[in-house]
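Participant: Sequence isn't available, so here's the structure alone:
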């Protein structure tokens, strides 16, 4: 192998079933095993109970008139009802649109319009947001209209369904235009079990079954259209890489609306009969630690910031985490030292590093417990079976020799079947005529197919003609024992074109000056890579899924700096 191209084969074939077909087989095999534990709702469902609840909801959706090919959104935090909707919509061929519960009114309006919803399920609110009131501002017909909506702003939207996670069957109606959860279940009386089964049998593995928004870390999110075949195979082959089975119990602090939760937690667990454990409706480090100990979880997920928060929690040493075996860290660059700490201090020896993107269902690369430790700490591993990966020159699109830095590209069953919903130009830009998905990430490949991510193509800093990767500077700063998190990006400069800015968050109780950090950089980096500006901060702007928003950091930086590019006095 001389070129940076790798295809992973397998003795196991791709799954040809739809999500409901595969789930039915798993539920039949493990009817009495726990499928989901929702600690904040104080509810537990076995596989038999989950399957029965899914079928009731699916019949209710059919009873309200939802049909194959339509789109239903869910705007909610992590609850059992979210999972029921995920499986019930798949059961009848309706595409589920996952909406970030942190969205404010303008973002919600964009999501509703972009995805052309026929229905929306939501909760009373999240933190300071009153969801029905926000919806009423966008859809005035909810205030005094009929539950069978006729919205002028969103003409396809027929129903907005409210459910209270505290007791969905007793949800109260704050305005007349809302449909209640219990009314959906009552509509199931209109549809027989045979009618439901006939709908499921008619589904095709290539039907679009989910519209997932990209992270939006670099602008307005786009909506990836994904099929049964995309998602089920990605989840199942990820489970095989993790050696996951029905005896495993997965602590899920990551949000369901993100592919990390919806696919790698929910579908992955259900594909093999494992148990999903929800510590809370949103991430809280204490709740996650309690869930691992009290539910004897064998695996845990998280983005790096979540693991940092768990390790740094004041009561961390009090918890028995020895039940843990594996898990996935991903969604953002994973510092090797943090990975090592989770393996050792959280008793998670088979922790894996995951890499991918929403448009790829989402996992393209995953380390393995059998890989050498250096590989598990410093690379994202190799691609999953039946996936191709190559490293190309972004300009000529020529496949590069091994070891050279270029853009990482993917091809295979996992690439979004429908591209970006309603955005053919954006789709053509991301997925070329040969069906390769261009990630925008820069990386290298070695002779064994292992990939190392070195940065983002669009984040390269060009200072005085030198191309500088923020990733290398971030890794240097993260090597300092006082540093917890880092974000490096370029800011405009009249002379050099760009200068290097580093935002740094220190570990609790640690103290170091910007000058000392700059001196530390000088010891390990070429002079032109040393940040001119280092700011010590207490928090980073994040997406709801835990990714750093460098665009917002740049905006905040420029707002706080004067024309000489020096920090303002405030």
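Facilitator: In hand now; what should we look at? Predicted model only: the values in this text are computed from it and were never measured. Numbers count the residues shown, from 1 in each chain.

Participant: tell me which residues in the longest helix seen in the chain are buried?
Facilitator: Longest helix of the chain, by residue count under DSSP state H: helix 47-63. Within helix 47-63, the residues that count as buried by 16 or more other C-beta atoms under 10 Å are 47, 49-51, 53-63. Backbone N, C-alpha and C define where each C-beta goes, glycine included.

Participant: next one: stretch 15-27
Facilitator: So for stretch 15-27, counting by 16+ other C-beta under 10 Å, buried means 15, 17-24, 26-27.

Participant: distance between that stretch and the chain's centre?
Facilitator: 23 Å (C-alpha atoms, centre = their mean, to the nearest Å).

Participant: Spell out which helix or strand contains residue 288, please.
Facilitator: helix 285-294 (DSSP states H and E).

Participant: How far away from the center of its chain is that helix?
Facilitator: 21 Å.

Participant: Could you do stretch 20-39 as well?
Facilitator: 23 Å.

Participant: ok, now stretch 264-278?
Facilitator: That offset, for stretch 264-278, works out to 15 Å (C-alpha atoms, centre = their mean).

Participant: what about that stretch, start to end distance?
Facilitator: End-to-end distance for stretch 264-278, by C-alpha to C-alpha, to the nearest Å: 14 Å.

Participant: same thing with stretch 26-37?
Facilitator: 17 Å.

Participant: Okay, buried residues for it please.
Facilitator: 26-27, 30, 33-37.

Participant: Just put those residues in JSON lines and tack on pLDDT.
Facilitator: Putting these into JSON lines (pLDDT from 0 to 100) gives the following:
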{"residue": "26", "pLDDT": "98"}
{"residue": "27", "pLDDT": "98"}
{"residue": "30", "pLDDT": "98"}
{"residue": "33", "pLDDT": "98"}
{"residue": "34", "pLDDT": "98"}
{"residue": "35", "pLDDT": "98"}
{"residue": "36", "pLDDT": "98"}
{"residue": "37", "pLDDT": "98"}
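
Participant: Go through those residues and say which is closest to residue 201.
Facilitator: residue 27 (16.8 Å; C-beta to C-beta).

Participant: Please name every helix or strand in contact with the lowest-mean-pLDDT helix or strand in the chain.
Facilitator: Least confident element among the helices and strands of the chain, by mean pLDDT, DSSP states H and E: strand 466-468 (a mean of 81). Counting contacts by 3 or more C-beta pairs under 8 Å, 6 or more residues apart in numbering; DSSP states H and E, strand 466-468 is packed against strand 461-463.

Participant: Would you mind checking the average pLDDT for the strand it packs on?
Facilitator: The predicted model gives strand 461-463 an average pLDDT of 86.

Participant: Which elements pack onto that strand?
Facilitator: Going by 3+ C-beta pairs under 8 Å, 6+ apart, strand 461-463 lies up against strand 466-468, strand 483-493, strand 497-506.

Participant: what sits up against the first one?
Facilitator: Just to be clear, that refers to strand 466-468. Residues from elsewhere that reach strand 466-468, judged by C-beta atoms under 8 Å, 6 or more residues apart in numbering: 460-462, 490, 500, 528-529.

Participant: Can you give the distance of that strand from its chain's centre?
Facilitator: Centre-to-centre, strand 466-468 and its host chain are 30 Å apart (C-alpha atoms, centre = their mean).

Participant: Beyond it, next helix or strand please.
Facilitator: In N-to-C order, the element after strand 466-468 by DSSP H and E is helix 470-478.

Participant: Next, the angle from that following helix to strand 483-493.
Facilitator: Computed by axes from the mean of the first three to the mean of the last three C-alpha atoms, to 10 degrees, the angle separating helix 470-478 from strand 483-493 equals 140 degrees.

Participant: quick one: contacts of helix 470-478?
Facilitator: 333, 335, 337-338, 453-456, 459-461, 483, 485-490, 500, 502, 504, 517, 520-521, 524-525, 529, 531.

Participant: Selecting buried members of those residues in ChimeraX, what would you type?
Facilitator: This is the ChimeraX syntax for the buried subset of the contacts of helix 470-478, where burial follows 16+ other C-beta under 10 Å:
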select :333,335,338,453,454,455,456,459,460,461,483,485,486,487,488,489,490,500,502,504,517,520,521,525,529,531
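
Participant: Please tell me how far residue 347 sits from residue 339.
Facilitator: 14 Å (C-beta to C-beta, to the nearest Å).

Participant: same question, residue 183
Facilitator: 48 Å.

Participant: more neighbours, the two?
Facilitator: residue 339 (22 against 18; other C-beta atoms under 10 Å).

Participant: Whichever strand or helix holds that one vs strand 483-493, what angle?
Facilitator: According to DSSP H and E, residue 339 maps onto helix 336-345. Using the same axes, to 10 degrees, the direction of helix 336-345 lies 160 degrees away from that of strand 483-493.

Participant: what helices or strands is the next helix or strand after helix 336-345 leaning on?
Facilitator: Counting by DSSP H and E, the next helix or strand C-terminal to helix 336-345 is strand 350-356. If you count contacts as 3+ C-beta pairs under 8 Å, 6+ apart, strand 350-356 packs onto helix 228-242, strand 326-329, helix 336-345, strand 363-366, helix 373-378.

Participant: Tell me the buried residues in the third one?
Facilitator: Judged by neighbour count using 16+ other C-beta under 10 Å, the buried positions of helix 336-345 are 336, 338-339, 342-343.

Participant: which strands and helices sit next to that helix?
Facilitator: Taking 3+ C-beta pairs under 8 Å, 6+ apart as the contact cut, helix 336-345 packs with helix 304-311, strand 326-329, strand 350-356, helix 373-378.

Participant: what lines up beside the least confident helix or strand of the chain in the sheet?
Facilitator: Sheet pairing of strand 466-468 (DSSP bridges) gives strand 461-463 (antiparallel).

Participant: got the contact list for the strand it pairs with?
Facilitator: Against strand 461-463 from outside (C-beta under 8 Å, 6+ apart): 467-470, 488-490, 493, 496-500, 528.

Participant: What is the helix or strand containing residue 88 packed up against?
Facilitator: Element membership for residue 88 (DSSP H and E) is helix 80-92. Counting contacts by 3+ C-beta pairs under 8 Å, 6+ apart, helix 80-92 is packed against helix 19-29, strand 34-38, helix 47-63, strand 71-75, strand 95-99, helix 193-201.

Participant: Between helix 228-242 and that helix, find me the angle.
Facilitator: Here the directions of helix 80-92 and helix 228-242 differ by 120 degrees (the same axes, to 10 degrees).

Participant: now the host helix or strand of residue 300, how far from the chain's geometric center?
Facilitator: Using DSSP H and E, residue 300 sits within strand 299-302. Centroid separation for strand 299-302 versus its chain: 13 Å, with C-alpha atoms, centre = their mean.
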